[in-house]
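> sequence and computational prediction follow.
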Amino acid sequence: MNKIAVLGAGAWGTTLSILLAETGNEVTLWAFEKEVAEEINQSRENKTFLQGFQLPENITAVNKIEETNSADIFFVVVPTQFLRSVCHKFKGIITQDKIIVSASKGIELNTQKLPLEILAEELNNNNLVALSGPNLSKEIAQGLPAATVVAAKDAALAKKVQEIIMLERFRVYTSSDPIGLELGGALKNVIAIAAGTAAGLNLGQNALAGLIIRGIAEISRLGQALGAQPQTFAGLSGLGDLITTCSSPLSRNHLVGVKIAQGKKLAQILKETQSVAEGVTTTKAALALAKKFNISLPVTEEIYKVLYEDKNPTTSITDLMSRSATSE
């Protein structure tokens, strides 16, 4: 039995806690909101972010940072734009001997850095693993089968995390490419906004397939420029996650796109959304990162214009379709 702390009690953090508890670990779930921690302990349910699912008794929700200090392994499930500030809070708790597993999916806006880079900087820790895959929280909480990937430069570290969280219904693969895994997890959220917009405009399955494949082309171009392994983007954390997020109404980013198609503005959508849709900010960060490496991201550029420049999404579709002819 391992003592594990999960930082972040949103839908995905809560779902990971359930999985970790099912494998027999002692789990401490840290919630930023005190009322969420109290709610979980009293009702055994996270009614705020994952309503309708009972949490095992070996999960204890806390709000005080010091209540996580007995953990040996920390799963960090915090929106990327808040990750650095959360690291500041836990500097005295997450020491260099602890294992850190990042399940955050995004790119920091100001620095264009990925979650593992932020964790390494702020916590001076090299025991770092990334976790990403086609993992919709509600489906996994329901007990439906799923698969994911854990990636680390240290193969033994990835193997250890694989063993900690793998279940018969939750298959875990290892990878040596944390950069590719994190980029796939971040950038698929941007393409999912485009896919949700296409769905909202009733553009059909051909358009969806085109967006998914051209989306993975963009992700792969940027990923390889940053040193990622090309084959990563054909796997679960690349194309697998992209297909799921672009196709499912359970995806927050897909829902943002649907609302854009309905004529709603970004400010209104964000006001209506309780959970964070990482793709909204990642769109900005991805374009800034692409500019550094002189990489073209046409779909991402159009999503930026729709979100931040109030461009009509139908016009964006027309502009994408009428670009100069090229090879695949």
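Looks like it arrived, so ask away. No experiment lies behind these values; they were computed from the predicted model shown.
> could you use CA atoms for every contact and neighbour count after this?
Fine.
> next secondary structure element downstream of whatever helix or strand Ala156 lives in?
Assessed by DSSP states H and E, Ala156 sits inside helix 155-165. Under the assignment DSSP H and E, the closest C-terminal helix or strand after helix 155-165 is strand 170-175.
> got the buried residues for the helix or strand hosting Asp319?
Using DSSP H and E, Asp319 maps to helix 313-321. Across helix 313-321, burial judged by 16 or more other C-alpha atoms under 10 Å covers 313, 316-317.
> ok, back up a step: can you give me the angle the helix holding Ala156 makes with strand 170-175?
180 degrees (axes from the mean of the first three to the mean of the last three C-alpha atoms, to 10 degrees).
> what's helix 155-165 in contact with?
The contact list for helix 155-165 (C-alpha atoms under 8 Å, 6 or more residues apart in numbering) reads 19-20, 23, 127-129, 150-152, 172-176.
> rebuild these as CSV, extending it with neighbour count, pLDDT and distance to Glu45.
Shown next, in CSV, are those (neighbours: other C-alpha atoms under 10 Å; pLDDT from 0 to 100; distance: C-alpha to C-alpha, whole Å):
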residue, neighbour count, pLDDT, distance to Glu45
Leu19, 23, 98, 15
Leu20, 25, 98, 16
Thr23, 15, 94, 19
Asn127, 19, 98, 31
Leu128, 22, 98, 30
Val129, 24, 98, 28
Val150, 28, 98, 27
Ala151, 29, 98, 30
Ala152, 25, 98, 32
Val172, 22, 98, 26
Tyr173, 17, 98, 29
Thr174, 20, 98, 31
Ser175, 21, 98, 33
Ser176, 18, 98, 36
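> farthest pair within those residues?
When C-alpha to C-alpha is used, the two most widely separated members of the contacts of helix 155-165 are Thr23 and Ser176, lying 24.0 Å apart.
> so Leu20 is in contact with Val27, correct?
Yes: assessed by C-alpha atoms under 8 Å, Leu20 is found in contact with Val27 at 7.0 Å.
> give me the residues contacting stretch 220-237.
Under the contact criterion C-alpha under 8 Å, 6+ apart, stretch 220-237 has outside partners 132-134, 147-149, 177-181, 183-185, 216, 219, 238-240, 290, 293, 295.
> just the buried ones from those?
Buried members of the contacts of stretch 220-237, counted by 16+ other C-alpha under 10 Å: 132-134, 147-149, 177-181, 183-185, 216, 219, 238-240, 290.
> sorry, back to before: who does the helix holding Asp319 touch, helix- and strand-wise?
In terms of contacts (3 or more C-alpha pairs under 8 Å, 6 or more residues apart in numbering; DSSP states H and E), helix 313-321 is packed against helix 298-308.
> what comes up buried for the helix it packs on?
The neighbour-count check on helix 298-308 (16+ other C-alpha under 10 Å) flags 298-304, 306-307 as buried.
> can you tell me the average pLDDT over the longest helix anywhere in the chain?
The longest helix of the chain (DSSP state H) is helix 178-200. Mean pLDDT, computed over helix 178-200, is 97.
> change the start of the numbering to 15 and stick with it
With the count now opening at 15, the last piece we talked about shows up as helix 192-214.
> got the angle between the helix or strand that comes right after it and helix 327-335?
Next along the chain after helix 192-214, taking DSSP H and E as the criterion, comes helix 219-239. Helix 219-239 and helix 327-335 are oriented at 60 degrees to each other (the same axes, to 10 degrees).
> and stretch 267-278, what's buried?
Neighbour counts over stretch 267-278 (16+ other C-alpha under 10 Å) mark 267-275 as buried.
> need the pLDDT of Ser341.
86.
> helix/strand/coil for it?
Recorded secondary structure, Ser341: coil (DSSP: H, G, I helix; E, B strand; the rest coil).
> burial of it, as a residue count?
Under the neighbour criterion other C-alpha atoms under 10 Å, Ser341 is assigned a count of 3.
> and it, how far from Arg228?
Per C-alpha to C-alpha, to the nearest Å, Ser341 is found 12 Å from Arg228.
> tell me the spacing between the residue nearest to Ala221 when sequence neighbours are not counted and Asn149.
Leaving aside its chain neighbours, Ala221 sits nearest to Ala212 (7.2 Å; criterion: C-alpha to C-alpha, 6 or more residues apart in numbering). Using C-alpha to C-alpha, Ala212 is found at 22 Å from Asn149.
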